[in-house]
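> this one's sequence-less:
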């Protein structure tokens, strides 16, 4: 049943998520805009300090999921350095100017990241035809971080449940998108995700709170053992 991933912006965030019982971390900066590529030194510090699987956001700006050729080359350069830091996944997504998921660019990033796998992030959620994208990326990416076809995970829960039914053999799905702690029991009763990815729900005054992490990790553990 679902494990807990926490989005972290600082080394303290990472340490608090670890001590609270998170199963993995997503490393990024500017969580308020959905996350951007973090500083490489920050990734290195977390890798040296926390013995958890680490996933790193690859996203140069937040004003869209469309990237210029210059931005793509910069992402590829960042990717080469990130690969050397011992992380477990690159988190990436892109759209074409017409609003489709940019399958060819995701494929290019996945090839460059290999053997490190790519997690497809929420560029999927707002693209023009997510089902076409999921069909096209079978075998290219294995994990999808998503709210479903909506802006928030709560709003997208029925759509994500349908995606899991249709594509669950090809992808591991992680729920992301503003989920609150008090929504989790009902959410998980409807959406059988492999992982829950939380940002604001585990924070107090903008910082990861190990008490909140522990409470929600324990809640997810109760689903693993069938008591929720």
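Thanks, I have the structure now. What you are looking at is a predicted structure, and each value in this text was computed from that prediction instead of being measured.
> where does this structure dip in pLDDT?
224-228 (pLDDT under 70).
> quick one: residue 199 and residue 7 touch, right?
Yes - using CB atoms under 8 Å, residue 199 makes contact with residue 7 at a distance of 4.2 Å. Any C-beta I mention is one placed from the backbone N, CA and C, and that applies to glycine too.
> any common contacting residues for those two?
Common neighbours of residue 199 and residue 7 are listed as residue 31 (criterion: CB atoms under 8 Å, 6 or more residues apart in numbering).
> Identify the residues contacting residue 121.
Taking CB under 8 Å, 6+ apart, we find residue 121 in contact with 35, 57, 59, 91, 92, 93, 145, 146, 176.
> so how far is residue 36 from it?
In this view, residue 121 and residue 36 are 12 Å apart by CB to CB, to the nearest Å.
> intersection of neighbour lists for those two?
When contacts are counted by CB under 8 Å, 6+ apart, residue 121 and residue 36 have 57, 59 as shared neighbours.
> Tell me the buried residues in stretch 58-65?
Residues of stretch 58-65 classed as buried: 58, 59, 65 (neighbour count, 16 or more other CB atoms under 10 Å).
> what kind of secondary structure is the last one in?
Classification of residue 65 by DSSP: H, G, I helix; E, B strand; the rest coil places it in coil.
> before we move on, back to that, among the contacts of residue 121, name the ones in strands.
57, 91, 92, 145, 146 (DSSP state E).
> Reformat those as a markdown table; add neighbour count and distance to residue 26.
As requested, the ones in strands among the contacts of residue 121 are exported to a markdown table (neighbours: other CB atoms under 10 Å; distance: CB to CB, whole Å):
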| residue | neighbour count | distance to residue 26 |
| --- | --- | --- |
| 57 | 25 | 7 |
| 91 | 26 | 6 |
| 92 | 25 | 12 |
| 145 | 28 | 8 |
| 146 | 30 | 13 |
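> could these go into JSON lines alongside distance to residue 16?
Converted to JSON lines, the ones in strands among the contacts of residue 121 look like this (distance: CB to CB, whole Å):
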{"residue": "57", "distance to residue 16": "19"}
{"residue": "91", "distance to residue 16": "20"}
{"residue": "92", "distance to residue 16": "26"}
{"residue": "145", "distance to residue 16": "21"}
{"residue": "146", "distance to residue 16": "25"}
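> Residue 139: which of these is nearest?
Nearest to residue 139 among the ones in strands among the contacts of residue 121, counting by CB to CB, is residue 92 at 16.3 Å.
> ok, that closest one - contacts?
Residue 92 makes contact with 57, 58, 59, 75, 106, 109, 118, 119, 120, 121 under the criterion CB under 8 Å, 6+ apart.
> what's the spacing between it and residue 113?
Applying CB to CB, one obtains 8 Å for the distance of residue 92 from residue 113.
> Check residue 139 too.
Distance, residue 139 to residue 113, using CB to CB: 15 Å.
> quick one: which of the two has more around it?
Neighbour totals were compared for residue 139 and residue 113, and residue 113 leads with 21 against 8 (other CB atoms under 10 Å).
> That one contacts residue 79, doesn't it?
Yes - with contacts defined as CB under 8 Å, residue 113 counts as touching residue 79 at a distance of 6.0 Å.
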